[in-house]
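Engineer: need a structure here:
(one chain, ligands or ions: 1)
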Amino acid sequence: MNMPLLVVSDDHGNIFEIPHLRMAAMALTEMCLPQEDHLIPLPRGSNLFMLPGRTPVGYDPQTGQFATIENFQGAKISAVAAFMAPAYVQFLRPAYTSAPGAPRLSLYCYTAVGWYNGKFYVPAERIDEDTRQDLKNFNEKKISRAAHSMLQRYPNNRLVAHLVDKCVHCYSCPAARNFVMERWECPVPTSPACNAGCVGCISLQPQQSTVVSSQERIAFTPTIAEIVEFTVPHLEQAPRPVISFGQGCEGEPLLEGELIAESIKQIRAHTQRGIINLNTNGSRPRTLKTLFEAGLDSIRISLNSAQEDFYRAYYNPQDFAFSDVGESIALARGFNRWSSLNYLVFPGFTDHKAEMAALHTLITEVKPNMIQTRNLNIDPEWYIQELGLEKLKPDFIGMPDWINYIRTSYPWIKLGYFNPPREEMKREHFGF
Ligand code: SF4
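Structural biologist: Numbers count the residues shown, from 1 in each chain. Take a look at the predicted model:
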């Protein structure tokens, strides 16, 4: 295959290729060419975005140089990026130069994209074979009917109403859609508050921010009865069931520790089936201990970096230390529960040698069962600026080699994207 052609957009959002330029990409602050064998057809369920105020950069095979292109056939053009479907990890971001005063990009992930032989291509890999969030599983009519019947089944449950009215209907959240379809992982948001201030928080942005959060944070704290009412039937009846506290439409669930602990106890008084999971920032190991004692099965702890300075620059922790995060992961090991790192991937930084050394130290100390690779949803230049990443030497190995490194260096670690159900934990020879 030849290198795909550069893809751009006009001011009306019409996306097309530039016949004389090949696609280029970036890792950290470096321009590069994607390797052909690292390109895959754009996964179904992905979207393409025009990037306002960003001038596309392609590769000119005639000159062997990268080339900026501002106009095509007399019309102004902008760079284009792909926002990939879940379960895929990106290798490179798109190549462009930003005009002074270019608007900050919304809170999505931006992946390089090109056009070859009638198809869009992206430098990426499917990292999890689980199809729970694949587009093929979502039939709009069936989801709409199922959402309606959920509201009828639980007419007085505010949390079910939130999941249906906001998460299914407004955000098309795949996890909430799977809840109404009575299958797989079911979200259980509980916390309106948080004790961190992540730069790219998708549920709350400060008033002065120039980006809007892509979801609205839940505005109430549900009762134990509301939580138990729909999670018990889900665990009892759904295939490969998981219920997960800690969602994109809430704050930090550890701030609702007592509520969650009591809910877990009451759920487990009804059923032992399925996995009760917590997605968290891992800020309160003592609270987490009470949750494990109550019967929590697994945790997924998010972090953008294993280096404290970069972690602090992104998370802005208010009342906890970086060491609390490590302690929380280690606690899961002590309780013989499943632990995942939700590792926020940024090409050129995640695979940077200094970051890899810090991750090695963390893995060696806390021994997680899994690393879930999550493409970081943020304007790449904003992230670089907030963390001061432009000062880093371009000492990175490339995301494909990073994946190989994790697989070969830590064979006990499952590399993936989703919180596993009990069946999969068993297959991974974990003690469940
Ligand atoms: S921990 Fe989660 S909810 Fe809290 S600021 Fe960060 S992204 Fe937002």
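
Engineer: Mind listing the residues bridging to residue 374?
Structural biologist: Beta bridges link residue 374 to residue 344 when assigned by DSSP bridges.

Engineer: what's near enough to touch it?
Structural biologist: Residue 374 makes contact with 302, 342-345, 417, according to CB atoms under 8 Å, 6 or more residues apart in numbering. In this view, the C-beta of every residue, glycine as well, is placed from N, C-alpha and C.

Engineer: Need the residues that contact stretch 60-75.
Structural biologist: Under CB under 8 Å, 6+ apart, the answer for stretch 60-75 is 3, 6, 8, 10-11, 18, 20-22, 24, 31, 55-59, 76-77, 95, 97.

Engineer: Now the stretch 1-150 of the chain against the ligand: closest residue?
Structural biologist: residue 107 (10.0 Å; CB to the nearest ligand atom).

Engineer: Enumerate the residues of the chain near the ligand.
Structural biologist: Within reach of the ligand by CB under 6 Å from any ligand atom, the chain has these residues: 194, 196-198, 201, 203, 251-252, 281.

Engineer: low pLDDT regions in the stretch 301-432 of the chain?
Structural biologist: Along the stretch 301-432 of the chain, the parts satisfying pLDDT under 70 run over 428-432.

Engineer: same thing with the stretch 1-150 of the chain?
Structural biologist: In the stretch 1-150 of the chain, residues with pLDDT under 70: 1.

Engineer: what ranges do the helices span in it?
Structural biologist: Along the stretch 1-150 of the chain, the stretches classed as helices by DSSP state H, counting those that start in this stretch are 140-153.

Engineer: Identify the bridge partners of residue 123.
Structural biologist: residue 39.

Engineer: Would you quantify the distance from residue 337 to residue 33?
Structural biologist: 44 Å (CB to CB, to the nearest Å).

Engineer: more crowded one of those two?
Structural biologist: Taking other CB atoms under 10 Å, residue 337 and residue 33 do not tie; residue 337 has more neighbours (24 against 16).

Engineer: Am I right that the more buried one is in contact with residue 295?
Structural biologist: No - applying CB atoms under 8 Å, one finds residue 337 not in contact with residue 295, separated by 9.8 Å.

Engineer: and residue 278, bridged to which residues?
Structural biologist: Beta-bridge partners of residue 278, as defined by DSSP bridges: residue 245, residue 299.

Engineer: where does the residue in the stretch 201-350 of the chain positioned nearest to the ligand sit relative to residue 185, distance-wise?
Structural biologist: In the stretch 201-350 of the chain, the residue that lies nearest the ligand is residue 201 (3.2 Å; CB to the nearest ligand atom). According to CB to CB, residue 201 stands 22 Å off from residue 185.

Engineer: of the contacts of residue 374, closest to residue 427?
Structural biologist: residue 417 (16.2 Å; CB to CB).

Engineer: Apart from its neighbours in sequence, what residue is nearest the closest one?
Structural biologist: Leaving aside its chain neighbours, residue 417 sits nearest to residue 128 (3.6 Å; criterion: CB to CB, 6 or more residues apart in numbering).

Engineer: Number of residues surrounding the one you found?
Structural biologist: Residue 128: 19 neighbours (other CB under 10 Å).

Engineer: and it, how far is that from residue 426?
Structural biologist: 17 Å.

Engineer: Near residue 418, how many other residues are there?
Structural biologist: 23.

Engineer: quick one, phi/psi of it?
Structural biologist: The phi/psi pair for residue 418 (degrees, to the nearest 10) reads phi -110, psi 150.

Engineer: how many neighbours does the closest residue to it other than its chain neighbours have?
Structural biologist: Nearest residue to residue 418, sequence neighbours excluded (CB to CB, 6+ apart): residue 130, at 4.9 Å. When neighbours are defined as other CB under 10 Å, residue 130 has 18 of them.

Engineer: same check, this time on residue 89
Structural biologist: Residue 89: 26 neighbours (other CB under 10 Å).

Engineer: That one is in contact with residue 125, isn't it?
Structural biologist: Yes - at 5.7 Å, residue 89 counts as touching residue 125 under the criterion of CB under 8 Å.

Engineer: tell me, what's touching these two both at once?
Structural biologist: Each of residue 403 lies in contact with both residue 89 and residue 125 under the rule CB under 8 Å, 6+ apart.

Engineer: tell me, what residue is most central in the chain?
Structural biologist: Centroid-nearest residue in the chain, with CA atoms, centre = their mean: residue 374, separated by 3.7 Å.

Engineer: Assign residue 265 to helix, strand or coil.
Structural biologist: Three-state call for residue 265 (DSSP: H, G, I helix; E, B strand; the rest coil): helix.

Engineer: residues in contact with the closest residue to residue 380 other than its chain neighbours?
Structural biologist: Nearest residue to residue 380, sequence neighbours excluded (CB to CB, 6+ apart): residue 93, at 5.1 Å. Each residue near residue 93 by CB under 8 Å, 6+ apart is listed here: 25-27, 81, 110-112, 347, 380.

Engineer: now the helices for the stretch 301-432 of the chain?
Structural biologist: Under DSSP H, counting those that start in this stretch, the stretch 301-432 of the chain gives helices at 308-315, 322-334, 353-366, 380-387, 399-409, 422-427.
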